[in-house]
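A.B. asks: my questions are about this predicted structure, shown below with the sequence.
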Amino acid sequence: MFKKMTNFFVSLVQKYLPDAFLFAIFLSIVTLILGVVFTGQSLMAMIDHWGNGVWALLAFSMQMTLVLVTGHALASSNLIKKGLKNMTKPANTPEQAIFWVSLVSAIACWLNWGFGLVIGALYARELAKKVKEVDYRLLIASAYSGFVVWHSGISASIPLTLASKDIDLASQTAGAVTEMIPASQTIFSPVNLIIAFGIILTLPLLNRAMHPKGADVVKVNPALLEEPEEDEALNKNDTPADKIENSKLVSFLVFLMGAVYLGNYFRKNGFNLDLNIVNLIFLSLGVLLHQTPRRYVHAVAEATKGASGIILQFPFYAGIMGMMTGSNPETGANLASLISNWFVAISTPRTFPIFTFWAAGIVNFFVPSGGGQWAVQAPIMMPAGANLGVSPALTGISIAWGDAWTNMIQPFWALPALGIAGLGARDIMGFCMMVLIYTGIVISLGLYFLPMIFGM
């Protein structure tokens, strides 16, 4: 039964899911129509919301592009390749490869989501080189599946926002939260930790059970794993310019500047890894480990080949976010608030965390950003939870889990992993659908029963 269900979703996605870019276009059209029908806005008004939003994620798009490029370039250095190869030692069968990549990815994403996205995909590539019989689609899907726990981990944006002293929480939550909520009540609460580590420990077993048999296995195309041949020009040292480009001293000075800055940053801020810090770590180490500027430039040139999806698609998702949050000036209605308010209307104190989770999951499909999710839902869900007697910490956790959950069928976040792997969204989304169903059940049950047990 389990295998049949997996095969059904894999086959369904392969037949009907278009290229990730066309999916973004389709989602844009659907959002446009829904906005006209349900918010009472004109077609031109919705198009204005789209156009005003298209470039809203430029900084974030660049950050994500650099996550892919600097992470991939770092991994192509000899030392990191050797380290990743050593990590493949416990995996000798396809099932073991699936198990280990799932576990490593989930733990890495819980520690830091940007780091986890890259490390999971790179580790999967190394496993594919060793375990020739593994299904490459499922291997990459398993590497991505760990991302489902990111918003329960120590880089979770919503809990960290609630724990910030420098943010006006009252204005963000329509007055429902006036004082910071420490991470001990959100990230490190028993409710959140039990759900998170329950998923981290069982997800590898789920993914392993999905591995196809016999002729159904789709092995990796060897061309996707080929390492580029070393360009003889990299060793050319005929002119003063060549010598500067091949200078290890120059690379070391760049690394030293990065290391000094990072050391000072961590001294002041603790182990707080945002995307900029992750990218600076990848960049500094990459420059050092490739030894010379010329070699690092070459590595980056190779890495950028997989970044086209991010560059092309992120503006469309920004436009979708613009249409989801663009309000009717007369009624104040927008699509995101309508979804949230509908779930609030049918909630009780016991069911509110689950309905908040589901509402966030639906909104996330159209607004795939933790910051965007918080901006949309905090002014609605936080006051509603307070009125029902639900703690703001539990409401915040519920929104965070919903924001992470439907990433499993949202190509937006899979693009870095897909760029590194050389696959398309339809190759992995059938398997990710099974992860979505399983984790949705686990999270829903956890949010229903655990708050009562732990008095949250």
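C.D. replies: Nice, I can see it.
A.B. asks: make it CA atoms for all contacts and neighbour counts henceforth
C.D. replies: OK.
A.B. asks: which positions within the helix or strand containing residue 95 qualify as buried?
C.D. replies: Assigned by DSSP states H and E, residue 95 belongs to helix 94-111. By neighbour count with 16 or more other CA atoms under 10 Å, helix 94-111 contains the buried residues 94-111.
A.B. asks: how about stretch 125-137?
C.D. replies: Those would be 125, 126, 127, 128, 129, 130, 131, 133, 134, 135, 136, 137, for stretch 125-137 by 16+ other CA under 10 Å.
A.B. asks: who are the packing partners of the one helix or strand residue 441 maps to?
C.D. replies: Residue 441 is part of helix 425-454, with elements assigned from DSSP H and E. In terms of contacts (3 or more CA pairs under 8 Å, 6 or more residues apart in numbering; DSSP states H and E), helix 425-454 is packed against helix 2-16, helix 136-145, helix 190-209, helix 352-366, helix 392-405, helix 411-421.
A.B. asks: was I right about residue 203 contacting residue 101?
C.D. replies: No - in this structure, residue 203 is not within contact of residue 101 by CA atoms under 8 Å, at 10.5 Å.
A.B. asks: return the helix or strand in this protein with minimum mean pLDDT.
C.D. replies: Scoring the helices and strands of the chain by mean pLDDT, DSSP states H and E places helix 222-225 at the bottom, with a mean of 78.
A.B. asks: now for that one, which elements pack on it?
C.D. replies: Secondary elements touching helix 222-225 (3+ CA pairs under 8 Å, 6+ apart): none.
A.B. asks: check which residues of the following helix or strand past it are buried.
C.D. replies: Where DSSP H and E defines the elements, the next helix or strand beyond helix 222-225 is helix 240-245. Buried residues in helix 240-245, counting neighbours by 16+ other CA under 10 Å, are found at residue 245.
A.B. asks: kindly report the same for stretch 35-44.
C.D. replies: 35, 36, 39, 40, 41.
A.B. asks: the helix holding residue 441 to helix 392-405, inter-axis angle?
C.D. replies: 160 degrees (axes from the mean of the first three to the mean of the last three CA atoms, to 10 degrees).
A.B. asks: buried ones in helix 425-454?
C.D. replies: Going by 16+ other CA under 10 Å, helix 425-454 has these buried residues: 425-436, 439-440, 443-444, 446-448, 450-451.
A.B. asks: give me the mean pLDDT for it.
C.D. replies: Averaging pLDDT along helix 425-454 gives 94.
A.B. asks: stretch 67-82 too?
C.D. replies: Stretch 67-82 comes out with an average pLDDT of 83.
A.B. asks: what's that stretch in contact with?
C.D. replies: With contact meaning CA atoms under 8 Å, 6 or more residues apart in numbering, stretch 67-82 is reached by 114, 118-119, 122, 275, 278-279, 282-283, 285-287, 289-290, 296, 299-300, 302-304, 306-307, 416-417, 419-420.
A.B. asks: and if we set it to 6 Å?
C.D. replies: Stretch 67-82 is contacted by residues 279, 282, 283, 286, 289, 290, 299, 300, 303, 304, 416 when judged by CA atoms under 6 Å, 6 or more residues apart in numbering.
A.B. asks: for that stretch, what is the distance to the chain centroid?
C.D. replies: Offset of stretch 67-82 from its chain centre (CA atoms, centre = their mean, to the nearest Å): 19 Å.
A.B. asks: that stretch: end-to-end distance?
C.D. replies: One end of stretch 67-82 to the other measures 21 Å (CA to CA, to the nearest Å).
A.B. asks: buried residues in it?
C.D. replies: 67, 68, 69, 70, 71, 72, 73, 74, 75, 76, 77, 81.
A.B. asks: between these, which is closest to residue 167?
C.D. replies: Minimum distance to residue 167 across the buried residues of stretch 67-82 is 26.3 Å, recorded for residue 67 (CA to CA).
A.B. asks: ok, that closest one to residue 30 distance?
C.D. replies: Counting by CA to CA, the gap between residue 67 and residue 30 amounts to 30 Å.
A.B. asks: same check, this time on residue 77
C.D. replies: In terms of CA to CA, residue 77 sits 44 Å off from residue 30.
A.B. asks: and what of residue 280?
C.D. replies: Distance of residue 280 to residue 30, computed by CA to CA: 38 Å.
A.B. asks: out of these two, which sits in the busier spot?
C.D. replies: Counted by other CA atoms under 10 Å, residue 280 and residue 30 do not tie: residue 280 has more neighbours, with 19 against 12.
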